[in-house]
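1. Generate coordinates for the sequence data below:
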Amino acid sequence: MLFLKELETNLTVNKLMEQCFEHPNYKDYCSIISTKKGTVLENTNLESEKIYFILNGIYGMTVKRANEGEEDEKDCIIRFLQKGDSFGLYFMYYDCWEPGVSLQSLGRGEVMAVDSNFLFSILDEWDENNFFMIRCLSEELRETQCFTQLSFLKKEERIRKALLKCAQSLGTYADNGILLPKEITQEVLARYTNTSREYVAHTIMKLIKEDIVRNRPKPLLILDKHRL
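-> Below is the predicted model of the structure:
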């Protein structure tokens, strides 16, 4: 039996980005893209398949809602990505490149777009045993399980757990709590928890009265993560 802890590899996402930057053909296969709030990046276009590395900003992996129809309806967010994360690496090992997932900027940011075939050539050299890719797939599986478990909770508990997860993975520790990024708005939380913005606002007001969170001044501050 193969255990993930036994898979030794010196390759990381940051080192993979370095290999792209330092490659003599970098300009032919890589580009830096600046994004603003709402910018959507797809993996596929008429020219090639792309892999994205987050250089700055907060992004959401999004999928289409099952009950489409309303004009103002937003796609669901299933995962948050930030500086040092990648989007689409594991898609390179799909038999058919149709992931159905997009990358949306939740504020101003910057990504490096890399041609997948170019990246394959680097991985062939630096990840001969595919240990790095196995770890990437493992991380994606953990995130998928986390999102699946969240979806089975009641609405208020989903919002509480979403706040906790955002605090742990995206937050900045302060003297009086954990400060969430300004990109984590009530609308974003609603899209991540599959609830309405109004219900998120109602839940946050309840948490404010219980001295668990604070929303003034913005952004949200988690005062007591243990009670979420």
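
2. how far away is A201 from S105?
-> Relative to S105, A201 is positioned 23 Å away (CB to CB, to the nearest Å). Quick note: C-beta positions are derived from backbone N, CA and C, even for glycine.

3. Tell me which of the two has more neighbours.
-> S105 (23 against 15; other CB atoms under 10 Å).

4. thought the more buried one was touching S34?
-> No - checked against CB atoms under 8 Å, the pair S105 and S34 is beyond contact range at 9.4 Å.

5. Quickly list what's touching both of those two.
-> Counting by CB atoms under 8 Å, 6 or more residues apart in numbering, S105 and S34 have no contacts in common.

6. What is the longest helix along the chain packed up against?
-> As assigned by DSSP state H, the longest helix anywhere in the chain is helix 131-151. Packing contacts for helix 131-151, counted by 3 or more CB pairs under 8 Å, 6 or more residues apart in numbering; DSSP states H and E, involve strand 76-81, helix 116-126, helix 155-170.

7. Now do that helix: everything it contacts.
-> Residues from elsewhere that reach helix 131-151, judged by CB under 8 Å, 6+ apart: 4, 7-9, 11-12, 16, 78-79, 86, 89-90, 93, 123, 126-127, 158, 161-162, 165, 193-194.

8. and the helix or strand bottoming out on mean pLDDT in the chain with strand 76-81, angle?
-> Least confident helix or strand of the chain, by mean pLDDT, DSSP states H and E, is helix 131-151 with a mean of 88. In terms of direction (axes from the mean of the first three to the mean of the last three CA atoms, to 10 degrees), helix 131-151 departs from strand 76-81 by 140 degrees.

9. Report the angle between helix 131-151 and helix 116-126.
-> Orientation check (the same axes, to 10 degrees): helix 131-151 against helix 116-126 gives 120 degrees.

10. Pull out the buried residues from helix 131-151.
-> Of the residues in helix 131-151, F131, F132, M133, I134, R135, C136, E143, F147, L150 count as buried by neighbour count, 16 or more other CB atoms under 10 Å.

11. closest to A113 among those residues?
-> Checking the buried residues of helix 131-151 against A113 by CB to CB gives C136 as the nearest, at 17.8 Å.

12. Show me the domain layout of the protein.
-> Following automatic domain parsing, the chain resolves into domains at 9-150, 154-227.

13. which residues touch Y90?
-> M133, C136, L137, E140.

14. Correct me if wrong, but it is in a strand.
-> No - using DSSP: H, G, I helix; E, B strand; the rest coil, the assignment for Y90 is helix, not a strand.

15. Nothing else from me, thank you.
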